[in-house]
Structure formats: structure tokens, C-alpha cells
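**Student:** please find the sequence and the predicted model below.
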Amino acid sequence: MKRSVSLKGVPTREPSSDEDSDTTTGKKPRLVLDQDVVKTMDTMMHGLSYLGGTSIELKLENLSCFLSSLLESHKSDILRILENCVLEHPGHVSAYATFVGLANARNFRFGSDCLQFMVRKLRHYLLNGEWLHVRVVLRFLVDLLNCNVVTSASLMKLLTAFVAECEDPCEAGSVSDDQSRRDWLAFCVLSALPFVGKELDQKPDFQRLLVTLQIHVKKREALHVPLLSVWRDSTLPPLLDQLESLWHQVKAMEEHQWAEPDHQLLPRPYLAFDERLSAALQHSLPTFEMPPHQRGWSYPQSELIFRIFDFSITSHEELKLPPSLSIERYLLEAQVRHVLQSHHLERKKCAKHMLFIAASKPELAVCHSIVEVILGEMLRLPKAALPTINYGSILIELCRLQPYKMPPIVVQAANIIYSHLESMNVACFDRLVNWLSLHLSNFGFHWHWGQWAHDCLGLGYFQPKAIFLRELVGKCIRLSYYRKIATLLPPSLAHFLPPMPHPKFKYIDPLISGATLSELLLEAMRDKRTEVDRIHALLKGATTTTELRKINVFTQNCLHLSCKSFSHTFATLAKYHQVFKDLAPAEEEQHAIMEGIFEVWFNNQHYILVVIEKMIRMEVLMPKYVVSWLFGPLMRRELTKMYTWELLHVTVRLVQNPQRLGPRKRHLVKDEPKDSALTDSAIRGILLDILQRIIKVLSAESDGPDGSVEHYRFQWILGRMQETLFTYVDEYQKLGSKLVKISEDVDLNNSIAKSIQAFLVYVMRSVLPGMSCVDLMAATPEGQKQWLCRAPRAGLGEGSQQPNYLLRTPLVAIVVNLVLSLTAGSRDAATVLDARRFVGATLQKCLKDLVSCSEFSGVKFGVLDTVSRISGLLEQQFPRGTADRGPFLVT
């Protein structure tokens, strides 16, 4: 049965000669349904981002011809698909800008509507805090100038709106996050300038724009650089601040009259359509005002650029990398990052796109840059954007596609990192071990073990290389099996092999206390006819055995009987689930269960991790008791091992996501109304407990001289504390007031206090004139007082009566930034009360110090007025409750 399709609403046109011939020969023209048109549009527009095959110019020509008659009838669909393509494929923004330029040349009204649509989207992403999308859309609008769609004057107004706050920070209207906001806006503009610098260079406002950016870059304080550095020394190429590095690269480009970078690193597909685009009419961008900062907005931090390859040293002598501070290096790395961002979930496609970039630039060591970028993203601090397995799987696919080129580069990169393990940040350690073990497992664990063994001769137990090799070998065994790894390692690395991963059942010795009870339990448990009540009766009847000993005996018996596999173990735990619940309702009893697990599987860290995680999911073990056991005396010597911290993070994740618990709990959580406040309270409680216990362990350690065992152990645990802060940065930010109190403890080790203070500076993101927050917070009261006396000359000048004067002094900037950012949106009574007391005490101290300075005699009333205004602001944000009737300030 033939189907008829109505032609109503479909635009008509004159038939071509080809169609006439089709009709005369009896063929009927095909009618494309509306959904088919949209699907074809989507396929063709996404096809602009696919590298290889048809040239980009031909793809653009075909797309432009196909949509020429659909620009009005399918305008909303085209704009929607265009937005998705631009955001999903930021590395191909120039191609999509060229498409809009060609469409504008055909249909002026479509070009206008497209600009209106994208500017609305730009504002939408700003208001919703989608900062990565903001940068991509701005980059798209900038490229429209090259396609003759927008006027240079209107584009200059848009760029000026972005950097206006960099020119005059006081107009930002932001109390917190001001430097992060200005940094990100400046980075958005700087990253777009290489594409339009030459076209805007002669504009009168362009030099002012560059001067504004230069002043901002030079005045800003990059407080995050030492905290987020992967390396602690300068033996490798230094990790550069991304914003500062990009400024130098753009400035060098300007000094060379915006000369086109070599190797076609700036994609300009619109040059092939220059004649057609030049004939089109231009549009002015709609008026744009930058939305002011709002409470709760968090901006991307300026990152550090990871470097391990020197531009003159690669494994291929004929290939070189561009210099680190050249615009070519930035553009090359940006292309690799765009591919990684767009295709990280499809490792095969991602690897093929990266290798296409390398093939298109045969004179550059692109493969070195690919490996460097992927490893840099993987080791990024405070945390990587993707799981380690994503980066590892892409590197594996690259090695498989280019088996003679990529593996030597990966080996070279691994050797460079390994040679600098002494100075590597501990927070990157687990990611490095997990990646390399995964990589080796896909290539038969073949490695130059002998060379690394030679480097480890005479190393102490706690030295970073020794710990790394021990953990790497252990992780390889987990991904394979013991005998295989043991045969692959050279004899010189035999001492890095762990003991055979067999269980140890101590109650086989009849002389040990509890052996008699163990024998009775084993006999009953081996009999399949035995009911669980019989086990209860045996345990209850053992009156001569202490309760903790009963728990230890029962736990070890269960694990001993089910040691063949995880399946056996899980089945046994499920069978005796209620016995465990009845035996261990409190902390001490649950510690006894974990001690039993540890004693049986002492030689198999993986089993300890999996069994304890399983018992948390079964709600036999409470997460807070697992934390207290991990930092207890039995496990203190295990704190330098990866599995301990892996178990700690698993425990926190189970608190964060109750849905990860057992089936019964998942059902309850699904049915119960969500109480995010209760979950947040539990997370903050356990994270604060973890931090306090780490500090307690560190306080009991001694930081000996460099190179000593005590030094390595102390620095290792201190690095683990920093890793914990990084991993849960958002949660610890909300605990900022408590972290401040911890760091101010006079008995606290100086290294611990500085680490916490540096973290606070990072999460507070405050800008202080001429002195870092770390220095100020660590200064003596007299030093703080002297700095406050000098503050007016660095700020508004002596005698200023402006209300925002006090906000520019460091101590109060810390207070206001801390309280407003950490208690944003909070109505928790304890949090508000802590905030009020902390603000009140600090403002009193600041006021006392200011008024006592003779240099402030002329501005006392201005200071008092400012303090009064701050008190009023905080009174509105945190109104007094019945629990605290005191004012913020007692003068």
C-alpha cells in the first residue's frame, strides 16, 4: 500500500532539468519528512567536527547549499543544533562561525537572529555559572568578525564589557571570589585574541584593552601556584600559571604584528570563502552588560601548565616542540585539550582525532604534546576533571594505533616522572600508580624493570621511589596474579614483592586464647544443617571468653571458611549478617571485627579493602567507626600504604551516596524524601573527624632532618592530608571557620598549620594588596598591626572616608570573604553562630588595632562608620537568634 504525503507548507521551487528527466522516465521525486530533514541537518553540522575524509571546505559548501532553503522554515532547529555543536566541539568553532557567515551572506535576517540567539545564550550561561560554555560562546562570537558577520566596534564593546572589572575592581560589586572572577573573564578574552588580534589592532580601544589585561596580570597574586604545583622543586620545567603564560604568549604575538603562527595552528576555514563572505552585510552585536557577581557563584581557578618535555629534547631528533612561551605551544595544546574534552568518553574516536592532528603537522612533535597534555590533565590539582581510567584508556588506544611511535614517548614520560618522584606532590601519587599499572596490564606487564631496580639500590623504606615501586607492584598483582608478576620482576626487585597473598588463621594453634571456641564454631558452621540460632547459642554460652574475643574468633572463622573467593566470602557474610549486627552494636566491637579481618588477610590488602567495604554496605560497620579504626594504633604503620587511603575514600563516598549501600538501604533511600541537609551534616562531620585524626597522627610524629626516615614519613602523611583536602574541596570549604580555628592552635605543628592556611587561601580566593593571606595569618599580632597601619597608602590613601575602605585591609578581607563564602545559603544554627562569633571577635580586634594607631587619627570616624556598615550587612545575612543575643561588635 502506497503512502501519500501532503505537500502543504513545503516551499516549492522550479524543477531542474535533472528532475524533469526523472519525471519523464517514470521516477517520482522523494519527499523528505520533517524529522528526516532535522536528522540530516544534525548529522551534517556535527560532521564539521569530524577530522579526516572530505575537506572542511567541501563540508561547509554542502551544508550551506543544503540549508539554503531551510534557514527560515527550520530556523529554531538550526540554531539549537548550532549551539550544541559549538559547545560539544569547541576546537571547531571556526568552522561553525564560517557556516554562519555563509548563511548570513544568503539570508541577512538569519544572521541577525543567530547573533541575538547566541548573545542570549551567553548571558544565560553567565547567570547559571556555566563558565566553560561562556568561554566557548565568546570565542564563537569573536570568530564571527573574521567571517564578516559582526562589526569590529560592537565586538570591541563586548570584549571591553568582559574586562571592565579588571580595569576597576571596585566596581565589581563582589565581596568574594573577585580575583577568580576577574582571572576567568581575562582568560576568556586572552584566549580569543590570537584569532582577531590582527583585525582589531588598529582600533582605538584595543590598546586600552591590552593595557587593562597587562595591569591585571601584573597586579594579581598567583597564590595557588605553590599549592597546586605537581613538583616541589625547579629541576623540571616550571609549572606556569595559565593566565600569566597566555598573557606573555599573546604579548609576543602582538610584538610580531600578530603574525600568523606556523604550522597552521590557527584554523581559518573561512579564508576559502573570502570573496563570498566579504560581500555580506555586517551586524552590530546586541548591547551586553556583564551580570554582577552573585553569592554562591564559584569560578574556575587559573590552572598550572604541566611540562615534562623540553622543546629541544624529544625522543625523535628531527621533531621539536614549540618553545613553552610561544603562542604555537598554547594553540597546539589547546587543540589536544579540545579533542580530549569532546571525545573523552569514546577512546577510539578520541585517539584517532589526536593522531590526525599529529599527521597534519608532521614537522612538530605533536605526539609528545599529546602525552604531556593527557598526563598533565590526569595529575592536575586539586583534582582531575575525569577519572584516571579515562586518560589511561586513551593512552592505551594511542599506543595500539601507533605501536612504533607512541609507546617510546609514553616510556620517556614515565621515566621523567619517575626520576622526579622525590619532589612530586603526594596528592598525585595514587593517580600515577593507578595509571601505570593499568597501562602495563594492557601490554603484558613488560617494562624495563631492571633499569628502575638499579635506581632503587640503597633506598630507604619510606623514600618516594621505594613506596612507588612497592605500590605499583602490588597494584599489578591485583590486576593479574602473584606468580606472573613474580616471574617478570628481576631478582633485584624481589624485595618489593609483597608476601604471598594467602590468609592466615591464627586459631589453628590450640594454645591461643579462643581456640576452643573457634573449634566449636568451625564444627557447627561446616555442618550445612546448622541454623544461625545455633551459632548464637554457642557464642552466648562461651562465658569464659570476653566479648571482643568472641567477635574476633567469629570473624576469623567466617573468613577462614570462605577464603576461596569473594563470592564465598560474601555468601558467608550474608548468611551470618544478623549475628554480626547483634555482636557489634558499638565502636569497640566493630573495631574487633575489623581487627579480625586485618589479621586474617594481613598479606592481601585487596581483600581487606573489599571485605570492609562490603560490611559497610551491609550496615554491619559504621563509617565513623571505620575512620576511627583506620587512624587507631593498629593501623598507624599502614598509613603509608595506598589501600588505607583508598578505604578511607570509599567510606566517605558511601556516606555521600547512601544509594551505594545494600539493596534494602537503597530501597529505603529511594522511598524516603531526600534530606540533603542531613546528608551534608553527616559528610561534614566525618570529614572534620578525618582531618582532626590526621592532625593528631601528625602531631605524634616528628619531622626529622631532610632524608631521615622520620622526615619521609611525616611528609608523606602531611601530603595525604593535603590530598584529602583537595579531594573534598567543596565540603571542606563549608567548614572554613572550623579550619581557621584548627590552624590557629598554638600547639599545632608549623608545617600542618601552613598547609591548612594555604588551603584556606585557595578556597577563599581573596585578593590582598602586597601581602599573601598565608603571610598575614602567620604573622605576629604586631606584624598584623603594622601592616594595617600601612594599608591606607596601598589602598585608597590616608584620610579616605569611603565606606568600602575597611574591606581593602587584609584582616577584614579575610573575615568577610570567609564568612560570606563559607556560609552562603546556610541557615544551620551552629554554622551561623560560629560565623557570628568569629566575625565579632575579629572585627573587635581589627578595630582595636586600627584605633590605637596614631596614623589613623584622621580616619577613626570613617573606620567606625565602615565597621558599622559591615555589622549591618552581617546582621542581615545572619540574624541573631535566641541562642546568641550578643551584638557583632562590643565597642
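**Tutor:** Noted; the coordinates are in hand.
**Student:** the helices in the stretch 651-800 of the chain, which residues?
**Tutor:** 663-671, 676-700, 709-727, 729-734, 736-743, 750-764, 773-778, 781-794 (DSSP state H, counting those that start in this stretch).
**Student:** ok, now which ones touch the closest residue to residue 262 other than its chain neighbours?
**Tutor:** Spatial nearest neighbour of residue 262, chain neighbours left out: residue 328 (6.1 Å); criterion: CB to CB, 6 or more residues apart in numbering. For glycine as for every other residue, the C-beta is placed from the backbone atoms N, C-alpha and C. Shown in contact with residue 328 (CB atoms under 8 Å, 6 or more residues apart in numbering): 261-263, 265, 322.
**Student:** may I ask which helix or strand of the protein has the lowest mean pLDDT?
**Tutor:** When the helices and strands of the chain are compared on mean pLDDT, DSSP states H and E, helix 781-794 comes out lowest with a mean of 40.
**Student:** check which helices and strands the helix or strand encompassing residue 133 sits against.
**Tutor:** Element membership for residue 133 (DSSP states H and E) is helix 131-146. Applying 3 or more CB pairs under 8 Å, 6 or more residues apart in numbering; DSSP states H and E, one finds that helix 131-146 contacts helix 75-88, helix 93-106, helix 108-127, helix 152-167, helix 178-200.
**Student:** what average pLDDT does the next helix or strand after the longest one get?
**Tutor:** Just to be clear, that refers to helix 178-200. Later in the chain than helix 178-200, the nearest helix or strand by DSSP H and E is helix 206-219. For helix 206-219, the mean per-residue pLDDT is 90.
**Student:** repeat that for stretch 722-738.
**Tutor:** The average pLDDT within stretch 722-738 is 89.
**Student:** got the end-to-end distance for that stretch?
**Tutor:** Using CA to CA, to the nearest Å, one end of stretch 722-738 lies 16 Å from the other.
**Student:** then stretch 502-512?
**Tutor:** End-to-end for stretch 502-512, by CA to CA: 21 Å.
**Student:** who's in contact with that stretch?
**Tutor:** So stretch 502-512 is in contact with 514-516, 518-519, 553, 556-557, 559-560, 563, 599-604, 607, going by CB under 8 Å, 6+ apart.
**Student:** residue ranges with poor pLDDT in this structure?
**Tutor:** Where the chain drops to pLDDT under 70, the residues are 1-33, 168-177, 223, 233-238, 311-318, 659-678, 764-891.
**Student:** tell me the domain boundaries of it?
**Tutor:** Domain segmentation of the chain under automatic domain parsing yields 34-278, 306-420, 506-602+604-674, 733-877.
**Student:** can you tell me which of these is nearest to residue 296?
**Tutor:** domain 733-877 (5.1 Å; CB to CB).
**Student:** got a markdown table for the domains of the chain, with distance to residue 702 too?
**Tutor:** Shown next, in a markdown table, are the domains of the chain (distance: least, CB to CB, whole Å):
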| stretch | distance to residue 702 |
| --- | --- |
| domain 34-278 | 20 |
| domain 306-420 | 26 |
| domain 506-602+604-674 | 14 |
| domain 733-877 | 9 |
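**Student:** circling back to that earlier point, okay, and the residue nearest to residue 262 sits in which element?
**Tutor:** Under the assignment here (DSSP H and E), residue 328 is part of helix 327-343.
**Student:** in that helix, what counts as buried?
**Tutor:** Within helix 327-343, the residues that qualify as buried are 327-343, counting by 16 or more other CB atoms under 10 Å.
**Student:** the strands in this structure, which residues?
**Tutor:** For the chain, strands defined by DSSP state E occupy the ranges 240-241, 304-305.
**Student:** out of these, deepest packed?
**Tutor:** Mean neighbour count, computed with mean count of other CB atoms under 10 Å, is highest for strand 304-305 among the strands of the chain, reaching a mean of 22.
**Student:** list the neighbouring strands of that strand plus their orientation.
**Tutor:** strand 240-241 (antiparallel) (DSSP bridges).
**Student:** from the chain's centre, how far out does the strand it pairs with sit?
**Tutor:** 17 Å (CA atoms, centre = their mean, to the nearest Å).
**Student:** columns mean neighbour count and distance to residue 750 on top of the helices and strands packed on helix 131-146, output as CSV?
**Tutor:** Listed next are these as CSV, based on neighbours: other CB atoms under 10 Å; distance: least, CB to CB, whole Å:
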stretch, mean neighbour count, distance to residue 750
helix 75-88, 18, 47
helix 93-106, 24, 49
helix 108-127, 17, 42
helix 152-167, 19, 36
helix 178-200, 22, 27
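**Student:** of the ones you listed, which is nearest residue 633?
**Tutor:** helix 178-200 (42.4 Å).
**Student:** I'd like to know which elements the closest one is packed against.
**Tutor:** Packed on helix 178-200, when contacts are counted by 3+ CB pairs under 8 Å, 6+ apart, are helix 131-146, helix 152-167, helix 206-219, helix 242-255, helix 327-343.
**Student:** between the domains of the chain, which one is closest to residue 460.
**Tutor:** domain 506-602+604-674 (11.7 Å).
**Student:** show me how far that closest one is from its chain's centre.
**Tutor:** That offset, for domain 506-602+604-674, works out to 34 Å (CA atoms, centre = their mean).
**Student:** what sits against the nearest residue to residue 330 once chain neighbours are set aside?
**Tutor:** The shortest distance from residue 330 to any non-neighbouring residue, by CB to CB, 6+ apart, is to residue 249 (5.1 Å). Residues near residue 249 by CB under 8 Å, 6+ apart: 325-327, 329-330.
**Student:** now tabulate these in TSV and tack on distance to residue 199.
**Tutor:** TSV is the format used below for the contacts of residue 249 (distance: CB to CB, whole Å):
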residue	distance to residue 199
325	24
326	21
327	16
329	23
330	19
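**Student:** among those, which one lies nearest to residue 699?
**Tutor:** Among the contacts of residue 249, and counting by CB to CB, the member closest to residue 699 is residue 325, at 43.5 Å.
**Student:** could you pull up phi and psi at the closest one?
**Tutor:** The phi/psi pair for residue 325 (degrees, to the nearest 10) reads phi -100, psi 20.
**Student:** was I right to think it contacts residue 247?
**Tutor:** No. Checked against CB atoms under 8 Å, the pair residue 325 and residue 247 is beyond contact range at 10.2 Å.
**Student:** test my guess that residue 525 contacts residue 561.
**Tutor:** Yes. Taking CB under 8 Å as the definition, residue 525 is a contact partner of residue 561 at 5.9 Å.
**Student:** of the two, who's got more company?
**Tutor:** Shown here are residue 525 and residue 561; by other CB atoms under 10 Å, residue 525 has more neighbours (21 against 16).
**Student:** OK, contacts around the more buried one?
**Tutor:** Residue 525 touches 535, 557-558, 561, counting by CB under 8 Å, 6+ apart.
**Student:** out of those, who's nearest residue 686?
**Tutor:** Closest to residue 686, out of all of these and judged by CB to CB, is residue 558, at 27.0 Å.
**Student:** for the closest one, which non-adjacent residue is spatially closest?
**Tutor:** residue 572 (5.0 Å).
**Student:** what about the one you found, how many residues nearby?
**Tutor:** Other residues close to residue 572 by other CB under 10 Å number 18.
**Student:** got the contact list for it?
**Tutor:** 558-559, 561-562.
**Student:** again with residue 264
**Tutor:** Contacts of residue 264 by CB under 8 Å, 6+ apart are 360-361.
**Student:** count the neighbours of residue 404 for me.
**Tutor:** 7.
**Student:** please renumber so the chain begins at 792
**Tutor:** Understood, numbering begins at 792; the last thing we discussed is residue 1195.
**Student:** so how far is residue 1158 from it?
**Tutor:** 11 Å (CB to CB, to the nearest Å).
**Student:** ramachandran angles for residue 1092?
**Tutor:** Here residue 1092 shows phi and psi, under degrees, to the nearest 10, equal to phi -80, psi 150.
**Student:** what does residue 1271 give?
**Tutor:** According to degrees, to the nearest 10, residue 1271 has phi -140, psi -120.
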